[in-house]
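Engineer: My questions concern the predicted model and sequence given below.
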Amino acid sequence: MTDKKGLKAVASLEALKGLASLIVGFSLPALGGHDIHQAAAFIVSHSHLNPANEIATAFLHAADTLADTNMLLITLGACAYSLVRFIEAYGLWHSLLWTEWFALLSGAIYLPFEAYELFVHANALSLAVLLINIVVVGYMAYILRSKQDHKKQDTHPPRP
């Protein structure tokens, strides 16, 4: 009925997002004060963003104003986000229906923001993120529709 390999691929992607969030969440406090500004400047530079750009300026300013309390909140937020992604990955790996719906809805929520980002700051990364998310959302819709169609066939057998 469902393609287990596809669900496992989406589950792996979600687990990777959770792991990346943990790495970032625990790396920021370890960097501390001045190193955070250097890391933020490195990200802006290697993302080919104009440092005078409004978003880049806000990002650099935010990096400069991070306090220890904010670092703790960022770490806790990263842990919470990771936990959600790991639970979703587990559920998708085991084809749990609620996680399939969750993957569809949580992916679909980001689509308008990713499309906006692509139009405002067109680059290969924005395009790749948008395309991957469209594929995931489309695939999850396909899986859920297939399950719904299969359920209808089971409840309404064909008439002779």
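Structural biologist: Looks like it arrived, so ask away.
Engineer: Low-confidence stretches in the chain?
Structural biologist: The chain contains residues with pLDDT under 70 at 1-2, 31-35, 46-51, 53, 66-69, 154-160.
Engineer: Would you map the helices across the protein?
Structural biologist: Applying DSSP state H to the chain gives helices spanning 4-31, 33-46, 54-64, 68-93, 97-120, 124-155.
Engineer: any chance of the ones you listed in CSV, plus mean neighbour count?
Structural biologist: Heads up, the C-betas are built off the backbone N, CA and C, glycines and all. As requested, the helices of the chain are exported to CSV (neighbours: other C-beta atoms under 10 Å):
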stretch, mean neighbour count
helix 4-31, 16
helix 33-46, 14
helix 54-64, 14
helix 68-93, 16
helix 97-120, 15
helix 124-155, 14
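Engineer: and the residue nearest to the spatial centre of the chain, what does it touch?
Structural biologist: When the chain is reduced to its mean C-alpha position, the closest residue under C-alpha atoms, centre = their mean turns out to be residue 17, at 5.9 Å. The contact partners of residue 17, by C-beta atoms under 8 Å, 6 or more residues apart in numbering, come to residue 85.
Engineer: now residue 113
Structural biologist: Residues near residue 113 by C-beta under 8 Å, 6+ apart: none.
Engineer: any idea how far it is from residue 98?
Structural biologist: Distance of residue 113 to residue 98, given as C-beta to C-beta, to the nearest Å: 24 Å.
Engineer: Then residue 121?
Structural biologist: For residue 121, the distance to residue 98 (C-beta to C-beta) stands at 35 Å.
Engineer: Residue 74 too?
Structural biologist: Distance of residue 74 to residue 98, given as C-beta to C-beta: 29 Å.
Engineer: next one: residue 24
Structural biologist: Residue 24 sits 27 Å away from residue 98, going by C-beta to C-beta.
Engineer: Next: residue 3.
Structural biologist: Between residue 3 and residue 98 the computed distance is 19 Å (C-beta to C-beta).
Engineer: again, but for residue 90
Structural biologist: Counting by C-beta to C-beta - residue 90 and residue 98 are separated by 12 Å.
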